[in-house]
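Colleague: with the sequence up front, the predicted model follows.
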Amino acid sequence: MDFMRSAGLLLGRFLLSGIFLMSGAMKCLQWQPTSQHMADEGMVQVPLFLALAIAVELGAGLMVLLGLGARLGAVLLALFLVPVTAIFHDFWTYQGEAMQNQMQHFSKNVTIIGGLVTLAAAGAGRFSWDAWMHRRRAHLRPISAGRTEGADWRQPRPEAVDEINTRHSSSRSRETSAQQTSAQPTARGNLSRNPKSHDFGYQNR
């Protein structure tokens, strides 16, 4: 079951990231036409926003594809799509076939946002960079278990100190109990050998 889930997440990450990676690459190759299209939509500071769009699509797209911070990458892409969809696919301002065309693009983007939200909630799965790093840290944990970042490796772990103190307390309790138990027969033996020495009324008779 875990294999099928991770395989499905891998395929989903590949499909979701592909459209953003291709879109970012096409924006780089067609900078001028893309800038003109953005200006026609009434955007200002076009070079800045175009550069940001390319950075988000390529950067977050790679994060989703590789599973390297895939949750964060999915959230970034989902947030990126919200204004993009509202600005470039405002179907309510069109008529006829153009309206239907823009509505399809609007619905497509909403569907992609739903997939990104699902990925952000489910995680990247076992076949991802994040999972590989987690397994690597788990493999190295026996060497550095309990150490905080920057801590002196010569200092004992707090868990080990507590365990040692508990063992010493238990050992001292057992030793005290054993000494008390061994002393009781000796006292009873003295009473049985010299009963008169403990009968203070006997000498006065």
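Modeller: Nice, I can see it.
Colleague: list the contacts of stretch 4-24.
Modeller: 53-54, 56-58, 60-62, 64-65, 67, 70, 74, 77, 112, 115-116, 118-119, 122-128, 131 (Cβ atoms under 8 Å, 6 or more residues apart in numbering). All C-beta spots, glycine's among them, are computed from the backbone N, C-alpha and C.
Colleague: which of those residues fall within strands?
Modeller: Taking DSSP state E, every one of these sits outside strands.
Colleague: among the residues you listed, which are in helices?
Modeller: Per DSSP state H, helices hold the following members of the contacts of stretch 4-24: 53-54, 56-58, 60-62, 64-65, 70, 74, 77, 112, 115-116, 118-119, 122, 131.
Colleague: picking that back up, and the contacts of stretch 4-24, which are buried?
Modeller: 53-54, 56-58, 60-62, 64-65, 67, 70, 74, 77, 112, 115-116, 119, 123-126, 128, 131 (16 or more other Cβ atoms under 10 Å).
Colleague: how about G67: what's its closest non-neighbour residue?
Modeller: S128 (2.3 Å; Cβ to Cβ, 6 or more residues apart in numbering).
Colleague: list the contacts for that neighbour?
Modeller: 9-10, 13, 66-68, 70.
Colleague: repeat that for L76.
Modeller: L76 neighbours (Cβ under 8 Å, 6+ apart): 56, 59-60, 63.
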